[in-house]
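Novice: Turn this into a model:
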Amino acid sequence: MTRNSLIAVSLFLLALPSRANAESYARQASALRASPVPAAKIVDRVDANQSVVVQKAENGWVRARLGADVEGWLPSEVVSDTWIKVWKRERKLLLIKGDAIDKTFRIALGADNPLGTKVKRGDGATPEGRYFIAELDPSPDSGRYGARSMRLSYPSVEDARRGLRDHLIDKATYLAIVRAIRAGEVPPQHTALGGSIRIHGGGSSKDWTLGCIGLDDADAAALYSSVFKGMRVDVYASADEDKRLGKADYLPGAILAAAKAQIEAAALYTIAAMKVIPMDFPGGDIPADQAVCTDIVVRALRGAGVDLQAMVFEDRTLHPDRYPGRAEAPRTVIDHRRVGNLVALLRRHAVAGAINHGRGLGPGDVVVFDTGIPNGSPFDHIGIVDDRRDTDGNLRAINIWTVGRRTSSMPLIGKSYPTVAAWFRLGHPYEVR
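Specialist: Next up, the predicted model:
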């Protein structure tokens, strides 16, 4: 790598949004309004535990940005920057306010499986991922839960997807979990995935729980006094895992690597690939040797642990008004393979991005093009931004261009044709699961 290339990569990494910006979130599902009054027009909706960027406060309201560019007003009491982080290997629970650790507590985990991640009922493991406090109990059964109990929102949406994939739950149960989590409610607790995962008292001197997070009773009481229903709880395997996933370039780098791998086993753009093709859900795909442009992006993000098929289906089910063809019932075989649907999803789940220009995009971002097809939308082609540049010094795009072409890196960015219609950067993996 040349000195100029090193400088360019360094500047790109410095330009990535900081992790701190992602730590304001909605304590509950709420309407995003056009102005700071209760009767103002609803411009969008924020799901419970969804991250927002607070821009300013005014008379009991905050102006917030949802995703890349959706802006509006939320009541101040809906938004918080106080949350909990758990490091399992280190047996630590951190109460965080803003960017600072406010309190640290020693914890106990499952007696039989303390470092495993929960998969199903009875495995004795503590789940890993993003949760929230779904229920508070100041006087639980002291023999089981000690002085205080704080039920977590397990199983999460990601847990439900895995359970559906592994045939532990059916689609109706999966959707019931998705609806509960997005609404900030207790998800179904009596499924094969297990339930009743809590932060509670009873002691922390040794691992003894059935998968819960145990605290000394005095610590449980102290933590209970600082928490609220809807508080975010992020659980990591270790502090190192937290650090690894929290790097601003982690997910873009993983997406780029998965996109580059597709060039090595290049798919062919076929007429057959343009049709609606039966596939599994979640994790479904058309034959790997074929693709249209959206398949390259779906496969790149899936290689980085982000399932656009599931995300589009869930978001279209809960928020149909966001999508083109809103009157149509969601279809898991095709919705995620339409560029307009991916734009509707990503603009609300990316940490950065823009509509109508490509200024600021970088390697691993999703880039959308307007190729002039008269389809009523500027969003008609999509790819992944490469880290290699063309002869004009512009970043290239990994994509599959048209029928008869194969997956490749092409000089499409910064040209008069096609034009960049949008771009999106994904942040922490927990934001898109």
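Novice: Nearest spatial neighbour of A221, chain-adjacent residues omitted?
Specialist: In space, not counting the residues next to it along the chain, A221 is nearest to A147; the distance is 5.1 Å by Cβ to Cβ, 6 or more residues apart in numbering. C-beta: built from backbone N, CA, C; applies to glycine.
Novice: Contact partners for the one you found?
Specialist: If you count contacts by Cβ atoms under 8 Å, 6 or more residues apart in numbering, A147 has them with G201, D217, A218, A220, A221, Y224.
Novice: let's see it at 6 Å
Specialist: Taking Cβ atoms under 6 Å, 6 or more residues apart in numbering as the definition of contact, the neighbours of A147 are G201, D217, A220, A221.
Novice: Could you report the pLDDT at the first one?
Specialist: I take that to be G201. At G201, the predicted lDDT confidence score is 97.
Novice: could you measure it against S142, distance?
Specialist: As judged by Cβ to Cβ, to the nearest Å, G201 and S142 stand 8 Å apart.
Novice: Who has more neighbours out of those two?
Specialist: G201 (25 against 14; other Cβ atoms under 10 Å).
Novice: backbone phi and psi for that one, please?
Specialist: Summarising the backbone geometry of G201 under the convention degrees, to the nearest 10, its torsions are phi -80, psi -170.
Novice: and the residue nearest to A221, backbone torsions?
Specialist: phi -80, psi -30.
Novice: between the contacts of A147, which is closest to Q28?
Specialist: Compare each of the contacts of A147 with Q28 using Cβ to Cβ and the shortest gap goes to A220, at 23.8 Å.
Novice: Pretty sure the closest one sits in a strand.
Specialist: No: residue state for A220 (DSSP: H, G, I helix; E, B strand; the rest coil) corresponds to helix; a strand is not indicated.
Novice: Which residues does stretch 191-211 contact?
Specialist: For stretch 191-211, with Cβ under 6 Å, 6+ apart as the criterion, the contacting residues are 106-111, 114, 118, 120-121, 124-126, 145-152, 154-155, 159, 163, 168-169, 173, 189, 212-217, 220.
Novice: Mark which of those residues are buried, thanks.
Specialist: 107-110, 114, 118, 120, 124-126, 145-152, 154-155, 159, 163, 168-169, 173, 189, 212-217, 220 (16 or more other Cβ atoms under 10 Å).
Novice: State the distance from R337 to L308.
Specialist: R337 sits at a distance of 9 Å from L308 (criterion: Cβ to Cβ).
Novice: With F281 instead?
Specialist: In this structure, F281 and L308 are separated by 12 Å, where distance is defined by Cβ to Cβ.
Novice: Same drill for the two, tell me which one is more crowded.
Specialist: L308 (24 against 18).
Novice: secondary structure class for the residue lying farthest from the centre of the chain?
Specialist: When distances to the mean C-alpha position of the chain are computed (Cα atoms, centre = their mean), the maximum falls on G143, with 36.8 Å. Per three-state DSSP, the secondary structure class of G143 is helix.
Novice: Identify the bridge partners of A397.
Specialist: For A397, the beta-bridge assignment (DSSP bridges) gives partners V385, M410.
Novice: burial of it, as a residue count?
Specialist: Per other Cβ under 10 Å, the neighbour tally for A397 reads 29.
Novice: what do you get for K97?
Specialist: Applying the criterion other Cβ under 10 Å, we find 14 residues in the vicinity of K97.
Novice: phi, psi of it?
Specialist: According to degrees, to the nearest 10, the main-chain angles of K97 amount to phi -120, psi 120.
Novice: For it, which residues are in contact?
Specialist: Taking Cβ under 6 Å, 6+ apart as the definition of contact, the neighbours of K97 are T82.
Novice: separation between it and K85?
Specialist: Taking Cβ to Cβ as the criterion, K97 is separated from K85 by 12 Å.
Novice: I177 now?
Specialist: 23 Å.
Novice: what does L94 give?
Specialist: Following Cβ to Cβ, the distance that separates L94 from K85 is 4 Å.
Novice: ok, then the element right after the lowest-mean-pLDDT helix or strand in the chain?
Specialist: Averaged element by element with mean pLDDT, DSSP states H and E, the chain has its least confident helix or strand at helix 3-15 (a mean of 36). Sequence order places strand 24-26 as the next helix or strand after helix 3-15, per DSSP states H and E.
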